[in-house]
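Student: A predicted structure for the sequence below; I have some questions about it.
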Amino acid sequence: MRMSSAAGLAIASVVVALSGCGSGGGSGAAGPDRNVPLKERTTIAQFDVAPLPVEKAKPCDLIRPPVEEELGLVPPASMPWASRGGSAQTPTSCFWHNRVSEAVDLQVHRKPKDDKASAIRFALMEEHVDLIMGYPAGMLPIGSSTCTVTVGVSDTHYLVLQVQSRNRTGACALGVRAAQEALRNVPAL
């Protein structure tokens, strides 16, 4: 896939932003897996972070009102379909938008039971990989206004944020910021 120079700059800015996010969250001790390239790691234990029980979370609770406002997103309960009895939430997803230029669809996925590989593989299969708050993450920009951010949170579960943004910061930057908030709000074990 060819990437425009604007998309390349957006990815570069997200990687710079991520570089400050990946170092916090571990014990700080050098583990034996630090020499393993990021794309070759296969388990959450190789990342010096605790697995997160996202399967116990309600997806709409992972991005809270103060940050919804900061990101320019409308709370799911105030979406037009909510007045008609509809919902922006399913047991495994939540959808936010601002009716103008941004939208975030947050999904909690479980790796297929018959798949022997860890859920970490789903986060690291994208071309652009890094860490978000210590968790393995992959970004796939699609054009100049869409990005998919996948974050491995345990050996069995991963988050997928499908993001649209037409503002200057870009869809991948919005996806990273939404992922950071979601990771902060996963309930403890």
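Tutor: Looks like it came in fine.

Student: drop to CA atoms for contacts and neighbour counts, all remaining ones
Tutor: OK.

Student: ok, then the element right after the lowest-mean-pLDDT helix or strand in the chain?
Tutor: The helix or strand with the lowest mean pLDDT-type score in the chain, counting by mean pLDDT, DSSP states H and E, is helix 5-19 (a mean of 41). Using DSSP states H and E, the helix or strand that directly follows helix 5-19 along the chain is helix 65-71.

Student: buried residues in that following helix?
Tutor: Judged by neighbour count using 16 or more other CA atoms under 10 Å, the buried positions of helix 65-71 are 68, 71.

Student: show me what the following helix or strand past that helix pairs with in its sheet, parallel or antiparallel.
Tutor: Of the helices and strands lying after helix 65-71 in sequence (DSSP H and E), the nearest is strand 89-90. Paired with strand 89-90 in the same sheet, following DSSP bridges, are strand 93-97 (antiparallel).

Student: can you tell me what sits against the strand it pairs with?
Tutor: Outside strand 93-97, the residues within contact range by CA atoms under 8 Å, 6 or more residues apart in numbering are 59-60, 72-76, 88-89, 103-108.

Student: is the nearest residue to residue 103 once chain neighbours are set aside bridged to anything, and to what?
Tutor: What sits nearest to residue 103 in space, not counting adjacent residues and going by CA to CA, 6 or more residues apart in numbering, is residue 97, at 4.0 Å. According to DSSP bridges, the residues that bridge with residue 97 are residue 74, residue 103.

Student: poorly predicted segments of this structure, please.
Tutor: 1-33, 76-88, 99, 168-169, 189 (pLDDT under 70).

Student: setting aside sequence neighbours, what's the nearest residue to residue 141?
Tutor: Take residue 141 and drop its neighbours on the chain: the residue closest to it by CA to CA, 6+ apart is residue 147, 4.2 Å away.

Student: spit out the contact partners of the one you found.
Tutor: Taking CA under 8 Å, 6+ apart as the definition of contact, the neighbours of residue 147 are 139, 140, 141, 162, 163, 164, 171, 172, 175.

Student: neighbours around residue 127, how many?
Tutor: Residue 127 is surrounded by 10 other residues when neighbours are defined as other CA atoms under 10 Å.

Student: am I right that it is in contact with residue 141?
Tutor: No. The pair residue 127 / residue 141 is not scored as a contact, 9.4 Å apart, by CA atoms under 8 Å.

Student: check the secondary structure at the residue nearest to residue 141 for me.
Tutor: Classification of residue 147 into helix, strand or coil gives strand, according to DSSP: H, G, I helix; E, B strand; the rest coil.
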